[in-house]
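Participant: Sequence and predicted structure, then a few things I'm wondering about:
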Amino acid sequence: MKKPIQDLYPENLAHCYGCGKNNTQGHQLKTYLEGEETISRFTPDLKYTAIPGSVYGGLIASLLDCHGTASAAAFACVAEGISLEQAQIPVRCVTGNLNVNFKAMTPQGKELVIMGKLKHIEGRKITVEMTLSADNVVCATGEILAIKLRE
Ligand SMILES: CCCCCCCCCCCC(=O)SCCNC(=O)CCNC(=O)[C@H](O)C(C)(C)COP(=O)(O)OP(=O)(O)OC[C@H]1O[C@@H](n2cnc3c(N)ncnc32)[C@H](O)[C@@H]1OP(=O)(O)O
């Protein structure tokens, strides 16, 4: 079965609050490469409430952040001919810049679907465009500039 990108990170770089598999108190977001796009799914706990019934924007930014860095790692691997069908990838990205547009209230109690598309790669800089949707309605869009860590 295909592994999520986050499960391919080196063990010492897998503690991120948003997506590290080694952070038992974190969100443990999981992102998959499907064709030319990336996808994560996440259902927020009720404690992440903004206005009752809607999801806190900070959580939405966090989901886009970790979806973005995972997508950047996946797109960098594809560009460099590195297989994702292995135990570990030698690529890890951190966020340089993250821009979030909140388009509509994000409803509580729904599975959120986050999608990512590669915009461009320039050296170690990878730009990814993202959407976050609930019930097929785009509630937020985002763009991340992820920087590939030096080896
Ligand atoms: C051990 C770690 C565990 C890492 C564990 C992984 C956890 C990931 C968690 C998920 C996401 C997060 O929340 S990450 C946490 C939030 N982000 C951070 O803390 C990152 C803080 N920033 C940094 O550590 C550093 O600035 C880096 C690593 C991003 C870049 O430093 P560097 O490796 O020395 O590279 P540097 O030469 O400065 O930059 C490379 C190119 O990127 C551009 N660049 C660099 N930063 C930016 C920026 N903020 N905005 C625009 N552009 C930027 C430069 O102009 C340059 O362009 P050019 O001259 O080549 O054109």
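Facilitator: Happy to help now that I have it.
Participant: how about the spatially closest residue to His27 that is not a sequence neighbour, what does it touch?
Facilitator: Nearest non-adjacent residue to His27, counting by CB to CB, 6 or more residues apart in numbering: Gly18, 5.1 Å away. Any C-beta I mention is one placed from the backbone N, CA and C, and that applies to glycine too. Contacts for Gly18 (CB atoms under 8 Å, 6 or more residues apart in numbering) come out as 26-27, 29, 62-63, 65-66.
Participant: Ok, Gln88 next?
Facilitator: 8-10.
Participant: Check those one by one and keep those near the ligand.
Facilitator: Among these, not one lies near the ligand by CB under 6 Å from any ligand atom.
Participant: Quick one: buried ones out of those residues?
Facilitator: 8-9 (16 or more other CB atoms under 10 Å).
Participant: Per-residue pLDDT of Met1, please?
Facilitator: Looking at Met1, its pLDDT stands at 75.
Participant: follow-up on the earlier one: I'd like the contacts of Gly18 laid out as TSV, including distance to Gly35.
Facilitator: Formatted as TSV, the contacts of Gly18 follow (distance: CB to CB, whole Å):
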residue	distance to Gly35
Gly26	28
His27	25
Leu29	20
Ser62	25
Leu63	21
Asp65	23
Cys66	21
